[in-house]
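Q: What follows is a predicted structure for the sequence shown.
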Amino acid sequence: MVSRNIVQIDDELCDGCGLCIPDCAEGALKIVDGKARLLGDSYCDGLGACLGHCPRGAINIIEREADPFDEAAVREHLAEREEQAHGCTNGIDQDLENPVPGPTRTASALEHWPVQLNLVPRKAPFFEGADLLVVANCVPFAYPDLHGSLLPGRSVVVGCPKFDDTRGYAEKLCEILRLNGVRSLTVAYMEVPCCSGLRWVVDRAVEASGRQIPVRHHVVTVGGEMR
């Protein structure tokens, strides 16, 4: 072992949002029992690429005795993870050989366009006094009854907290809530850790708007079930 810089995670501050995970190129972090964990000292290079992506400040770099960083072990670890992955599961392993039967064809419940959060205007007639659905990009592909159960009667915005700017999302959504008198929020995101960042976006936007808006959360499994 050597004395070197390495990641430290504060369990009291970590809420398991998973925003740090995509920014660790070595795959050293994983959500375990609802908290971010360092999978092994040898996977962490100690450079701290994940630091600025934790909204609660639960990650920092300390100097302590640790196994040396092992590039060969990282390559093997990433290769194994790629083989085991089912899409964007980040370690969630689920059998998709027996998928949920597809629904019968239903009419689209979409009432406006565009829907991408980065593209919609901050103020629009379809947001005024609306019940707003905030949905992760992958949900419509996994959840077959989106148009039958979640979308009817709601305006909708869509976003991906893994690839887009979550802070920008929160600021944009806050303005939509503040300028349009949105009545309620329904949030639908996948069960994978990277997707739970959408929950943080909504919570931050509601808090910053200064309004008391009821929020309902729905988690969609990679097998197409909603809980």
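A: Right, received. Where do you want to start?

Q: Quickly list the domain ranges of the protein.
A: Following the assignment in automatic domain parsing, the chain carries domains at 2-84, 125-220.

Q: deepest of the ones you listed, which one?
A: Of all the domains of the chain, domain 125-220 has the most neighbours on average by mean count of other Cβ atoms under 10 Å, namely a mean of 19. For every residue, glycine as well, the C-beta is placed using N, CA and C.

Q: Quick one: end-to-end length of that domain, please.
A: 29 Å (Cα to Cα, to the nearest Å).

Q: Tell me where this structure has strands.
A: 2-9, 29-32, 35-38, 59-66, 131-136, 155-159, 184-190, 215-220 (DSSP state E).

Q: Which one of those strands lies nearest to residue 108?
A: Evaluated with Cβ to Cβ, the strands of the chain place strand 155-159 nearest to residue 108, the distance being 11.3 Å.

Q: Determine the angle, from 0 to 180 degrees, between that closest one and strand 184-190.
A: 40 degrees (axes from the mean of the first three to the mean of the last three Cα atoms, to 10 degrees).

Q: tell me what strand 155-159 is packed against?
A: Judged by 3 or more Cβ pairs under 8 Å, 6 or more residues apart in numbering; DSSP states H and E, strand 155-159 is in contact with strand 131-136, helix 166-180.

Q: could I get those as a markdown table with distance to residue 207?
A: Shown next, in a markdown table, are those (distance: least, Cβ to Cβ, whole Å):
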| stretch | distance to residue 207 |
| --- | --- |
| strand 131-136 | 15 |
| helix 166-180 | 8 |
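
Q: List just the one of those that sits closest to residue 57.
A: Nearest of the helices and strands packed on strand 155-159 to residue 57, taken as Cβ to Cβ: helix 166-180 at 14.0 Å.

Q: pLDDT below threshold where in this protein?
A: Counting by pLDDT under 70, the chain shows low-confidence ranges at 23, 52-53, 82-106.

Q: What distance do you get for the nearest residue to residue 25 once chain neighbours are set aside to residue 165?
A: Counting by Cβ to Cβ, 6 or more residues apart in numbering, residue 25 lies nearest to residue 49, which is 6.7 Å off, once chain neighbours are set aside. To residue 165, residue 49 is 16 Å away according to Cβ to Cβ, to the nearest Å.

Q: Tell me who's in contact with residue 111.
A: 126, 155 (Cβ atoms under 8 Å, 6 or more residues apart in numbering).

Q: repeat that with 10 Å
A: When contacts are counted by Cβ atoms under 10 Å, 6 or more residues apart in numbering, residue 111 touches 126, 130, 151, 152, 153, 154, 155, 156.

Q: could you pull out the helices for the chain?
A: Here the chain has its helices, by DSSP state H, at 71-84, 139-142, 166-180, 197-209.

Q: Is it possible to get those helices out as a markdown table so that each row also shows distance to residue 9?
A: Shown next, in a markdown table, are these (distance: least, Cβ to Cβ, whole Å):
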| stretch | distance to residue 9 |
| --- | --- |
| helix 71-84 | 18 |
| helix 139-142 | 28 |
| helix 166-180 | 19 |
| helix 197-209 | 17 |
